[in-house]
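Visitor: Got a sequence here, can you build the structure:
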Amino acid sequence: MIPGALYEQIDPNRLPRHIAIIMDGNGRWARKHFMPRVEGHRAGVKTVDRIVTLCREIHIEALTLYSFSDENWKRPASEIKALMKILDYYLKKELDRMKEENIRFNTIGRIQELPQTVQNLIQHAKDYTADSTGMILTLALSYGGRQEILDAVKVIAEKVRDGELKVEDIDFQLFEHCLATRSLPDPDLLIRTSGEKRISNFLLYQSAYTELYYTDVLWPQFSEEDLLNAIIDFQKRERRFGQTREQIARSGQTIHS
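Guide: Residues are numbered from 1 along each chain as shown. Below you'll find the predicted structure:
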């Protein structure tokens, strides 16, 4: 259910098209409640359910969740195994709901590094929801922004080497087409929970003009109200994309400050 009083403060005509979230704080939440870390991850999945539902209800076009970074492979093997089991459970549990709510499932990252059973589930979820048009839900899995940029550079370099491209053909449009996020708009709003104030190798190229929102709330405690407050804060920002206020005014765009 959408929290009414906060929702009434939101301008539906200025919603962020794409929200990206660094879901941080599962481990600290577990420690705080004297539980093993894996229970924090399980509690975090329940938050994912609530936030996905709310984003769909308020008509966010794209939601991207930083679920497992390429650096998370350095964690203890037992925790990685537990995370893969949780991912397996989530994909099986939420597949029909995604279809019913018209959500298209998507991933970015080096999916080929995940267990084969998880890779198969991911592909099935993508195929099953391919015709959905309500919202794109992207999980960043085995993902790192630097690696994504490096992979794109390699693709372009190989095309130049093979004579398919000239150096002067390389522009932003071409480069962005080689990124994993080519089917998504750049994120308008990036939220990080747990009080950390950095973007940790997440969507480095795409976040050039993204509004950043940090909250001390740990991810398992992140509520619908917290998300709406982040959107309200976003709608108070002045987004000029390098232009002056006068230029924006002359172009007919709305200035919000």
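
Visitor: How about the contacts made by Thr117?
Guide: For Thr117, the contacting residues are Asp88, by CB atoms under 8 Å, 6 or more residues apart in numbering. For glycine as for every other residue, the C-beta is placed from the backbone atoms N, C-alpha and C.

Visitor: try Val160
Guide: 166-167, 170.

Visitor: got the CA coordinates for stretch 96-108 in PDB?
Guide: Output of stretch 96-108 as PDB, limited to C-alpha atoms (Å, rounded to 0.1, in the frame of the first residue of the first chain):
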ATOM      1  CA  ASP A  96       5.000 -15.300 -11.600                       C
ATOM      2  CA  ARG A  97       4.600 -12.000  -9.600                       C
ATOM      3  CA  MET A  98       6.900 -10.200 -12.000                       C
ATOM      4  CA  LYS A  99       4.800 -11.500 -14.900                       C
ATOM      5  CA  GLU A 100       1.500 -10.500 -13.200                       C
ATOM      6  CA  GLU A 101       2.800  -7.000 -12.400                       C
ATOM      7  CA  ASN A 102       4.100  -6.500 -16.000                       C
ATOM      8  CA  ILE A 103       7.700  -6.300 -14.800                       C
ATOM      9  CA  ARG A 104      10.500  -7.200 -17.200                       C
ATOM     10  CA  PHE A 105      13.400  -9.000 -15.500                       C
ATOM     11  CA  ASN A 106      16.900  -7.900 -16.600                       C
ATOM     12  CA  THR A 107      20.500  -8.300 -15.300                       C
ATOM     13  CA  ILE A 108      23.800  -6.600 -15.800                       C
END
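
Visitor: Give me the residues contacting it.
Guide: Residues contacting stretch 96-108 (CB under 8 Å, 6+ apart): 52-53, 56, 64, 95, 122, 125-126, 128-141, 143, 148, 180-181, 183-184.

Visitor: if you set the cut-off to 7 Å instead, what comes out?
Guide: With CB atoms under 7 Å, 6 or more residues apart in numbering as the test, stretch 96-108 has contacts from 56, 122, 125-126, 128-130, 132-141, 143, 180-181.

Visitor: Sitting in strands, which of those do you find?
Guide: Taking DSSP state E as the definition of strands, these contribute 135-141, 143.

Visitor: Out of the residues you listed, the closest to Pro76 would be?
Guide: Leu141 (18.4 Å; CB to CB).

Visitor: So what pairs up with the closest one in the strands?
Guide: For Leu141, the beta-bridge partners under DSSP bridges are Phe68.

Visitor: dump the residue contacts of the residue nearest the centre of the chain.
Guide: Centroid-nearest residue in the chain, with CA atoms, centre = their mean: Thr64, separated by 1.9 Å. Thr64 makes contact with 18, 20, 138, 140, 187, according to CB under 7 Å, 6+ apart.

Visitor: isn't there a strand covering the second one?
Guide: Yes. Ala20 forms part of a strand when assessed by DSSP: H, G, I helix; E, B strand; the rest coil.

Visitor: Name the pair among the contacts of Thr64 with the greatest separation in space.
Guide: In those, two members sit farther apart than any others by CB to CB. They are His18 and Ala140, at 12.9 Å.

Visitor: For PyMOL, write the select line for the buried members of the contacts of Val160.
Guide: Restricted to buried positions by 16 or more other CB atoms under 10 Å, the PyMOL selection for the contacts of Val160 reads:
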select buried, resi 170
